[in-house]
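Undergrad: Please find the sequence and the predicted model below.
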Amino acid sequence: MPENKVGDTVIMRKPHPCGGNRWKIIRYGADVKLKCMQCGRIVMVERIKFKKNLKQTIETESVDDHD
Ligand SMILES: [Zn+2]
């Protein structure tokens, strides 16, 4: 599975308490910052937990890759 990056929209196995399960990645490092697309709340999870909880990447914004 390819690495995620900032700007990706993802679906997590565990939905947010608000009922939304779509998240936008707003920071991707040792910790991953996710914004709930339904209520706009921001949560931060460890990358390991994020990967474990990731169900699907549904959209990837095309941004220039600075390798
Ligand atoms: Zn939410």
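TA: Yep, it's here. Residues are numbered from 1 along each chain as shown.

Undergrad: list the helices and strands the helix-or-strand element of the chain with minimal mean pLDDT packs on?
TA: Taking mean pLDDT, DSSP states H and E as the measure, the chain has strand 54-59 as its least confident helix or strand, at a mean of 92. Helices and strands touching strand 54-59, by 3 or more Cβ pairs under 8 Å, 6 or more residues apart in numbering; DSSP states H and E, are strand 9-12. No exception for glycine: its C-beta is placed from N, CA and C like everyone else's.

Undergrad: got the buried residues for the strand it packs on?
TA: By neighbour count on 16 or more other Cβ atoms under 10 Å, the buried set for strand 9-12 is T9, V10, M12.

Undergrad: ok, so of those residues, who is nearest C36?
TA: Each of the buried residues of strand 9-12 was checked against C36 using Cβ to Cβ; the closest is M12, at 9.7 Å.

Undergrad: residues in contact with that closest one?
TA: N21, W23, L34, N53, L54, K55 (Cβ atoms under 8 Å, 6 or more residues apart in numbering).

Undergrad: give me the subset of the residues you listed touching the ion.
TA: Among these, not one lies near the ion by Cβ under 5 Å from the ion.

Undergrad: near the ion, which residues of the chain?
TA: Checking the chain against the ion by Cβ under 5 Å from the ion, the hits are H16, C18, G20, C36, Q38, C39.

Undergrad: So which of these is surrounded by the most neighbours?
TA: C36 (20 neighbours; other Cβ atoms under 10 Å).

Undergrad: Looking at it now. What's its pLDDT?
TA: In this model, C36 is scored at 97, pLDDT.
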